[in-house]
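Asks: Give me a model of this one.
(chains A and B)
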Amino acid sequence: NAGVTQTPKFQVLKTGQSMTLQCAQDMNHNSMYWYRQDPGMGLRLIYYSASEGTTDKGEVPNGYNVSRLNKREFSLRLESAAPSQTSVYFCASSERLGRGNEQFFGPGTRLTVL
Amino acid sequence: KQEVTQIPAALSVPEGENLVLNCSFTDSAIYNLQWFRQDPGKGLTSLLLIQSSQREQTSGRLNASLDKSSGRSTLYIAASQPGDSATYLCAVTGGGNKLTFGTGTQLKVEL
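Replies: Next comes the predicted model:
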């Protein structure tokens, strides 16, 4: 039982390049989330998926797109990376959205945009 | 807009000491509050989840309390150990069913 897994662990991009961050969970959870963590800012929600087939914007969605490929997988895409997107990205999942539901986090992807 | 504050930002204590970490939030209309631990370069590990109807939760040497009306939570760690050194984050689930995080307290337990 791996929980929440993320790939890659580290990535360096040049400005304007694109990439997709992958996330998968094996807990049969309905809801999945993407966060970014920046020094002094805490974790901020980028996008979330309440259930398979649905996605919604979080607090900081600009510059990102997401795909809920199936119940297990939720990917985050940067179409044209910018230095402001240098951050640590975390994927999380919960049994269902919101109230009463504990979120479980992956190990993170450390992204640097030059 | 919900804001979550954690004080102090950093704390250093000798091994064996009992300690309290504080978390405050501005909007008391929350569904639950969650405490996490984050080790350097790692992801977040959930420690305790307190529902809005609960006053406290306990797990081993950890005890978390919640006073929703005053917008406060504390995480009590008994008999601290060097292995407890990490950053501790609190987060609340409020309107929109989304987690709002504090910026954390960095704890160092010294031998």
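
Asks: anything in the lowest-mean-pLDDT helix or strand in chain B near chain A?
Replies: The weakest-scoring helix or strand in chain B, judged by mean pLDDT, DSSP states H and E, is strand B:99-101 (a mean of 90). Yes - with C-beta under 8 Å from any C-beta of the partner chain as the criterion, chain A is reached by strand B:99-101 at B:99, B:101. In this view, the C-beta of every residue, glycine as well, is placed from N, C-alpha and C.

Asks: That strand: how far from the chain's middle?
Replies: 12 Å (C-alpha atoms, centre = their mean, to the nearest Å).

Asks: quick one: contacts of the following helix or strand past it?
Replies: Reading on from strand B:99-101 to the C-terminus, the next helix or strand found by DSSP states H and E is strand B:105-110. With contact meaning C-beta atoms under 8 Å, 6 or more residues apart in numbering or on different chains, strand B:105-110 is reached by B:6-15, B:17, B:19, B:21-22, B:77, B:80-88.

Asks: go with 6 Å
Replies: B:6, B:10-15, B:21, B:80, B:82, B:84-85, B:87-88 (C-beta atoms under 6 Å, 6 or more residues apart in numbering or on different chains).

Asks: Ok, stretch A:49-59 next?
Replies: Applying C-beta under 6 Å, 6+ apart, the set of residues contacting stretch A:49-59 is A:30-32, A:44-48, A:66, A:68, A:71, A:74, A:97.

Asks: Tell me where the model's unsure across chain A.
Replies: A:1, A:98-100 (pLDDT under 70).

Asks: let's go with 80 and repeat that
Replies: A:1-2, A:97-100 (pLDDT under 80).

Asks: So which residue is dead centre in it?
Replies: residue A:34 (2.7 Å; C-alpha atoms, centre = their mean).

Asks: pretty sure that residue contacts residue A:47?
Replies: Yes - between residue A:34 and residue A:47 there is a contact under C-beta atoms under 6 Å: 5.1 Å.

Asks: re the thing from before, report the buried residues of the helix or strand encompassing the residue nearest to the centre of chain A.
Replies: Per DSSP H and E, residue A:34 falls inside strand A:31-38. Within strand A:31-38, the residues that count as buried by 16 or more other C-beta atoms under 10 Å in any protein chain shown are A:31-37.

Asks: cool, stretch A:78-90 as well?
Replies: With burial defined by 16+ other C-beta under 10 Å, the residues of stretch A:78-90 counted as buried are A:78, A:81, A:85-90.

Asks: How about stretch A:89-102?
Replies: Per 16+ other C-beta under 10 Å, stretch A:89-102 contains these buried residues: A:89-94, A:97-98, A:101.
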